[in-house]
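Enquirer: Return a 3D structure for these sequence lines:
(chains A, B, C and D)
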Number of protein chains: 4
Amino acid sequence: MLYFANDYSTGAHPELLKALLDTNDEKLPGYGEDRLCERAKEKIRRACGCPEAEIFFLMGGTQTNSVALSALLKGYEGVIAAQTGHISVHEAGAVESGGHKVITLPGREGRLDAGTLKAWLGDFYGDESREHMVFPGAVYISQPTEYGTIYSLGELESLSAVCGEYSLTLYMDGARLGYALASPAADAGLEDIARLCGAFYIGGTKVGALCGEALVFPKGAPEHFFTTVKQKGALPAKGRLLGAQFDALFTDGLYLRISRRVMEMTELLRGVLAARGFRFYIDSPTNQQFILIENSRLEKLTKEVVLTLWEKPDAEHSVVRFAADPSTTPEDIEALDAILAGL
Amino acid sequence: MLYFANDYSTGAHPELLKALLDTNDEKLPGYGEDRLCERAKEKIRRACGCPEAEIFFLMGGTQTNSVALSALLKGYEGVIAAQTGHISVHEAGAVESGGHKVITLPGREGRLDAGTLKAWLGDFYGDESREHMVFPGAVYISQPTEYGTIYSLGELESLSAVCGEYSLTLYMDGARLGYALASPAADAGLEDIARLCGAFYIGGTKVGALCGEALVFPKGAPEHFFTTVKQKGALPAKGRLLGAQFDALFTDGLYLRISRRVMEMTELLRGVLAARGFRFYIDSPTNQQFILIENSRLEKLTKEVVLTLWEKPDAEHSVVRFAADPSTTPEDIEALDAILAGL
Amino acid sequence: MLYFANDYSTGAHPELLKALLDTNDEKLPGYGEDRLCERAKEKIRRACGCPEAEIFFLMGGTQTNSVALSALLKGYEGVIAAQTGHISVHEAGAVESGGHKVITLPGREGRLDAGTLKAWLGDFYGDESREHMVFPGAVYISQPTEYGTIYSLGELESLSAVCGEYSLTLYMDGARLGYALASPAADAGLEDIARLCGAFYIGGTKVGALCGEALVFPKGAPEHFFTTVKQKGALPAKGRLLGAQFDALFTDGLYLRISRRVMEMTELLRGVLAARGFRFYIDSPTNQQFILIENSRLEKLTKEVVLTLWEKPDAEHSVVRFAADPSTTPEDIEALDAILAGL
Amino acid sequence: MLYFANDYSTGAHPELLKALLDTNDEKLPGYGEDRLCERAKEKIRRACGCPEAEIFFLMGGTQTNSVALSALLKGYEGVIAAQTGHISVHEAGAVESGGHKVITLPGREGRLDAGTLKAWLGDFYGDESREHMVFPGAVYISQPTEYGTIYSLGELESLSAVCGEYSLTLYMDGARLGYALASPAADAGLEDIARLCGAFYIGGTKVGALCGEALVFPKGAPEHFFTTVKQKGALPAKGRLLGAQFDALFTDGLYLRISRRVMEMTELLRGVLAARGFRFYIDSPTNQQFILIENSRLEKLTKEVVLTLWEKPDAEHSVVRFAADPSTTPEDIEALDAILAGL
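Expert: Numbering: from 1, shown residues only, chains lettered A, B, ... in the order given. Presented below is the predicted three-dimensional model:
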């Protein structure tokens, strides 16, 4: 079977695996206070152009989102997100489980628009009964979004400006951040993100790590955030597992190298899909590609290719997601092309 | 100033005040274990045709909703509500503060449609990634709704059937239940509600009580619900305050008598508003009436009448709410008419 | 039956009832924004010598404790209390339900000692693994305590000093505060308490009100505390119910007058119990009196007097609580004496 | 420096590392639904003699405890633990953060006694005000305890019987379970534990894994526990990371082989410490050894050996912990002996 179902289907990228092997026998302190974590943090600070940033390594995306937001929000505050935001839909209510409402606004292909946000905030602060309502405390965006789309630098600047005006923390879920950074359509880099967001995370799990996300607070973390991480069950005893991997990811630009290579594979994938006449359901400039396909052809296709069913726009068609990942090879794309030829 | 702003602007209905006075000096046990509470519960059971119902008296609506839902929902469950539902908008995130998502569906003038609900549930249980999502555990409706509209018996039966099919608790917020029961448009009575809902509350505060809502579990309460009430800070030491009032409300049909009288005043109010040419924004068969008014006339009107601004559909108009309440008199309506004549 | 079981066995004190009656028909805004609440707050500010204090009226003690502490504590903080503290034992886990640990220290007859507190804090901040532990954020004390004992002014000053040194909020549960203020042993007044505590509440329910506690933040409330109160289900629509009562309680010193009268009845009660040879289990200077009694005599006694069983120190004896309350009369004490004589 | 500070100072045991390497490139489904997880679960079921057990792999101990307890406890319930229990002290209030009280009872060297438990339960259910208190829903024990001590089979049977009598779930924290199973003092095996507990976890992180704990529900998991795990941020996308390691740990008895080897090193360590005249502070039959040492000697010792300071019983002495772990060698012990000789 060919595998295009997602970007977490294999283990660690070889250079990360090597880093784990090379450091495996070294005796190190626990709970992230080891030299590997320190070194990885230092490299990330440099990559973000943020010498003062505080960085924490957590295990996965849902965990990072809910732990960060629980520390950033006051009890009477909620977080604003697009209706399609991952925290609104596919995190099993993690944010609400921590006591906070996710306030949803309509988005466009996964993106939250600064104008929409500003209009809503204007309405909220103009509403006489707002003290009976959840106050907005943060804005959640994902880069790339759940639909593979990305925010331009201008869009991020606009969102950040609105957040500044209303004292909201702009929080970016970067589960696949590498693919946004490496996208041919990208114009916002890590330094921009660090300048414009109050908090964001650099996703490891979907960019070649076995596990791990680097949560960055460019202007400093909430007080005693270490203890919050512990309380939420998000503090690994062997923090080295994350430190070694992020140290490797931020050595010699590996994070971007992996991401660029995946984007090259994505370009090949797009080419094959387009050449075979498939319609792209969303114009995604990152590693997730969504195409419309007749159900009869899909049935044949899924006998040889593992894909993710995204939605069913009508009774005869499906939207499916192809994802390129760090293990995708040109040979995989060629094999896919051959299968598509025979559909 | 004339007062039509809401239905909680005066203290207690005279018969409730009398009940409080008459029993004030009696020495009674605390925490709702007194004979007044017992007697009130017995009368409510009879009015609901539910000899097995378990009943708890709580202080207010937001409290009742959040305490009841926290006991009815499992940790991984949320509650479905119309986007306009009180728990979604005007309870400051009480349900989320207790750890549960409010899953919102589009409604029609405050009502949630059984068809909409069923379609959503079909989609949810057909979604392969549902285990990454909040499971629905209950359905919240309000009767009358936040827009004064009511569910017909047929609509309630449909909702109840869908809930039964998917093992959801149908929960009714009856903050103004009396006005739905006494509405000329009503065809669902207390016994129907008790038969069709897993839990509901009979609102006291907005139907003549100083405070208090009677939460009814027709088929029995969640285990140790008394302790949940205590834990959530909702257990008054002097439960008699609620017992005496509900005992009075359910003696000689007072709850319905108050409600009918308010509905009579509402009919007068509607007559006056219609005669003066106002357009009703929503066709509400209960004590809240919403009219469209030019901002210039509104400005004059609010010099003599206290109203609630509901929304601003455009730059020149407003929607305002008039509410009749147990203290509204024919003289109030006449005085209003005179003011409207002079606008 | 004679009733000495507790101090919430009757309704409202006559002057409070009169205040409710006198204002019942007045049309007032909801949610505590009425003139009665405003006037009551102003009087309380004056009584506390705190013109800047922010005051909120809540319904009951458990509610007040848990809502206040949830706003005062950060997510990684807990509250320190004596092992016998009401929040540790008899509030059904309300504080924990809000996400915070109650850190218990040994007390003496209900009191938490400044020395014990300071020693614990020294140990905590000397513990290398403290970042894996719950940080202390507030100290809970009750005045009088659950055992009727009271803190002297000197003890409060010491506690307040330790709290200041460690940036902890000193929080006082004043469910029966009147009896501490009116106790012959008292040397700390309202102004002292307002000076020494970060937050405290003046209990109404057990000092003659139908319901209601006045939560005082002498130096200002946590941000958006109104919304927190709403979110926690603690905001009555008819705030007047609490405003009218507290307005009465703080008119012409009624709160202290009621309390002093109860303390006079307590003195009579103590006299009768002592004269009949009962041993006081705790030396309580407030309205709760604890005596040791043989089980056989207790059985006879409870046929004519309603009491609260406190604990069973051994197989033959019980400790029972007698409480005087605002409805207790000299005739009640005489009747009790006659019954005791015949035991 | 010699390292005896803890049992999580190195990475993965070589056989686990090999398992990760060997399976690294295989394309597998996410979220624990891969063949490695399935195979590991099957092997654990066999080792526990529980063909019906449901098993979940989580990342760490605090996470496992709080996720499991949040699903096992009802809203009004708390968990009973020894005062020294890890959840009471060193998990930063994780259980309370999830809304539940940790009810602490005195223990003996970390152990909770069945008699103490039973007496407390008798008192609780005999207390007339218990409905105002947190109900016990589960009992937390750790095997071995935080002090290295272990429960005998008889003790576990007694605890389990008391739990059965009171409908409590007996929950065992097995962060270091291997060392209890491999202890020369052990008489309770995995099958006993599975028979006697309602839930327990087999610790990986401290027994040679990079991360990971296997949570076992011998009689079936709480409903939709997968979704609870997701909601609590505890579901790794690459579940294979845990599956591969536990598959290795339960192949050819590796879990016990690692544990036994560590216990052999512990015996050597104990021998050296005893021969050098140190007093054991606690008689621990597992891999943590606690000795009393003069502060002056400790200062010299810590220049060459990394240890954990446990407590300071007086001004001149300290209690320190030596832990043997899967990387400890006979040469380490010899080197330690040489250092001790020179103190």
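
Enquirer: List the residues that contact the residue in the stretch 201-343 of chain A that chain C sits nearest to.
Expert: The nearest approach of the stretch 201-343 of chain A to chain C comes at A:T227, 4.4 Å away (C-beta to the nearest C-beta). C-beta here means a position set from N, CA and C on the backbone, and glycine is covered the same way. Going by C-beta atoms under 8 Å, 6 or more residues apart in numbering or on different chains, A:T227 touches C:Y76, C:E131, C:H132, C:M133, C:F135, D:A92.

Enquirer: For stretch A:224-236, list the C-alpha coordinates in CSV.
Expert: Only the C-alpha atoms of stretch A:224-236 are listed here, as CSV (Å, rounded to 0.1, in the frame of the first residue of the first chain):
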residue,chain,number,x,y,z
HIS,A,224,5.4,29.4,37.1
PHE,A,225,4.6,27.8,33.7
PHE,A,226,6.8,24.9,34.6
THR,A,227,4.4,24.0,37.4
THR,A,228,1.4,24.4,35.1
VAL,A,229,3.0,22.0,32.6
LYS,A,230,3.6,19.5,35.5
GLN,A,231,0.1,19.9,36.8
LYS,A,232,-1.4,19.2,33.3
GLY,A,233,0.6,16.0,33.0
ALA,A,234,2.7,17.4,30.3
LEU,A,235,6.2,17.2,31.8
PRO,A,236,8.2,14.2,30.7
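
Enquirer: Can you show me the helices along chain A?
Expert: Using DSSP state H, the helices of chain A run over A:14-23, A:35-48, A:61-72, A:86-89, A:94-97, A:114-126, A:153-165, A:177-181, A:190-196, A:225-231, A:240-249, A:254-275, A:295-301, A:330-341.

Enquirer: And the longest one, what's buried?
Expert: Read that as helix A:254-275. The neighbour-count check on helix A:254-275 (16 or more other C-beta atoms under 10 Å in any protein chain shown) flags A:254-263, A:265-266, A:268-270, A:272-273 as buried.

Enquirer: Outside of stretch A:118-131 itself, list whatever touches it.
Expert: A:80, A:105, A:133, A:136, A:162, A:165-166, B:90, B:92, B:309, C:224, C:226-227, C:230.

Enquirer: Spit out the contact partners of A:V162.
Expert: Contacts of A:V162 by C-beta under 8 Å, 6+ apart are A:A114, A:L117, A:K118, A:L121, A:V139, A:L168.

Enquirer: By neighbour count, which of these wins?
Expert: In terms of neighbour count, A:V139 stands highest of these at 27 neighbours, by other C-beta atoms under 10 Å in any protein chain shown.

Enquirer: How much space separates the closest residue to it other than its chain neighbours from A:R108?
Expert: In space, and not counting its chain neighbours, A:V139 is closest to A:I80: 4.8 Å by C-beta to C-beta, 6 or more residues apart in numbering or on different chains. The gap separating A:I80 from A:R108 is 15 Å, by C-beta to C-beta, to the nearest Å.

Enquirer: neighbour count winner among these two?
Expert: Taking neighbours as other C-beta under 10 Å, A:I80 and A:R108 compare with A:I80 leading, 27 against 13.

Enquirer: who's the more buried one bridged to?
Expert: Under the criterion DSSP bridges, A:I80 forms beta bridges with A:I103, A:V139.

Enquirer: I'd like the distance between it and A:L112.
Expert: From A:I80 to A:L112 the distance is 8 Å (C-beta to C-beta).

Enquirer: Quick check: which ranges of the stretch 1-150 of chain A have low pLDDT?
Expert: Counting by pLDDT under 70, the stretch 1-150 of chain A contains no low-confidence range.

Enquirer: so who does A:F246 touch?
Expert: Counting by C-beta under 8 Å, 6+ apart, A:F246 has contacts A:C37, A:A40, A:K43, A:I44, A:F57, A:G204, A:A209, A:G212, A:A214.

Enquirer: Look up how far A:F290 lies from A:G85.
Expert: From A:G85 to A:F290 the distance is 17 Å (C-beta to C-beta).

Enquirer: now swap in A:R35 and tell me
Expert: Taking C-beta to C-beta as the measure, A:R35 falls 43 Å from A:F290.

Enquirer: Who has more neighbours out of these two?
Expert: Comparing A:R35 with A:F290 by other C-beta under 10 Å, the one with more neighbours is A:F290, at 20 against 14.

Enquirer: for that one, what are its contacts?
Expert: A:Y147, A:G148, A:F280, A:Y281, A:I282, A:S284, A:W310, A:V319, A:V320, A:R321, A:F322.

Enquirer: do the same with A:A323
Expert: Taking C-beta under 8 Å, 6+ apart, we find A:A323 in contact with A:F4, A:A5, A:N6, A:D7, A:N287, A:Q288, A:Q289, A:T308.

Enquirer: Could you rerun that using 10 Å?
Expert: Counting by C-beta atoms under 10 Å, 6 or more residues apart in numbering or on different chains, A:A323 touches A:3-9, A:148, A:176, A:179, A:206, A:262, A:266, A:269, A:286-289, A:307-308.
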